[in-house]
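**Q** coordinates only, sequence not included:
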């Protein structure tokens, strides 16, 4: 626009624009301004980045995370933490052993509470109970007064094959209970695990009253020393055997099994696990250790084998 004041207006406008677009010296020099603060903070961030120890001093939580990320913990971080987290093979071996013993102790106490007898397992050494119980099986047993039904005889807590047939009580694919007993009550003999077939009373001619002729191998009462029965007890037989244990040179080769000779009643079997138990038992017999040490050793070996098998299968 033309006019007498046009030149002044243009000069004023250009000066105003110059003032707006130009730097502001007063703000640069003013203390406490934002720009100097930003420049002052940059070295602080650089110091933290170049000196990892700065972060450790600032926060205890950051120190713990840094220790874990940097590698294996040191004893200075705490003995308990070091024992739990270190990869040192000696500490790891001790830690795994203690863990195994702890698991075995807890399991052993639970099994004893359920079974009421010790040890709660027996290993089968022969095939006299096949096919229902096989050689090498590990069998869980309970005290004879546990889990007794109405079909138990003579207040023993044991159901015989004879009474089991009447009530439908079955164990290991046949009527009646399978019991663990010491032949002739002799503690030096290996316990036998056979089925209780029927109960007899002292003086009873059981061959003539209750025996199955097919399990007598042609013998009569006059041919068998245990007939008449010398005392109250059970006539027993292995499921795979042809004759009763009370026959001469047959099965367990024992007289009538007294209830006092019964050490347990079979409940559940673990196939082929008994081989470990037998091996440890043989070593225990040679060294003179008791059943508790044998049980613990068996448990440790079983856990190790289980861990190896799990490792081979992978995730």
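**A** Noted; the coordinates are in hand. From a predicted model like this one, the values you see are computed outputs, not experimental measurements. Residues are numbered from 1 along each chain as shown.
**Q** mind checking the end-to-end distance for stretch 135-153?
**A** 29 Å (C-alpha to C-alpha, to the nearest Å).
**Q** Now that stretch: average pLDDT?
**A** Mean per-residue pLDDT for stretch 135-153: 88.
**Q** Okay, buried residues for it please.
**A** 135-144, 148, 151-153 (16 or more other C-beta atoms under 10 Å). (C-beta placed from N, C-alpha, C; glycine too.)
**Q** what's the closest of those residues to residue 209?
**A** The nearest member of the buried residues of stretch 135-153 to residue 209, counting by C-beta to C-beta, is residue 153 at 14.7 Å.
**Q** In contact with the closest one, which residues?
**A** Residues counted as contacts of residue 153 (C-beta atoms under 8 Å, 6 or more residues apart in numbering) are 159, 160, 163, 199.
**Q** try it again with 6 Å
**A** By C-beta atoms under 6 Å, 6 or more residues apart in numbering, the contact set of residue 153 is 160, 163, 199.
**Q** Kindly report the same for residue 178.
**A** 171, 172, 195, 266.
**Q** one step back: and of the buried residues of stretch 135-153, the nearest to residue 93?
**A** residue 138 (26.6 Å).
**Q** I'd say that closest one and residue 272 touch.
**A** No - counting by C-beta atoms under 6 Å, residue 272 is not a contact partner of residue 138; they are 8.1 Å apart.
**Q** give me the element the nearest residue to residue 250 once chain neighbours are set aside is part of.
**A** Among residues not flanking residue 250 along the chain, residue 243 sits closest, at 4.3 Å (C-beta to C-beta, 6 or more residues apart in numbering). Element membership for residue 243 (DSSP states H and E) is empty, with no helix or strand holding it.
**Q** mind checking pLDDT for residue 243?
**A** At residue 243, pLDDT is 95.
**Q** Walking through the stretch 51-200 of the chain, point out its helices one by one.
**A** Ranges of helices in the stretch 51-200 of the chain, per DSSP state H, counting those that start in this stretch, are 52-58, 60-70, 79-85, 89-115, 161-167.
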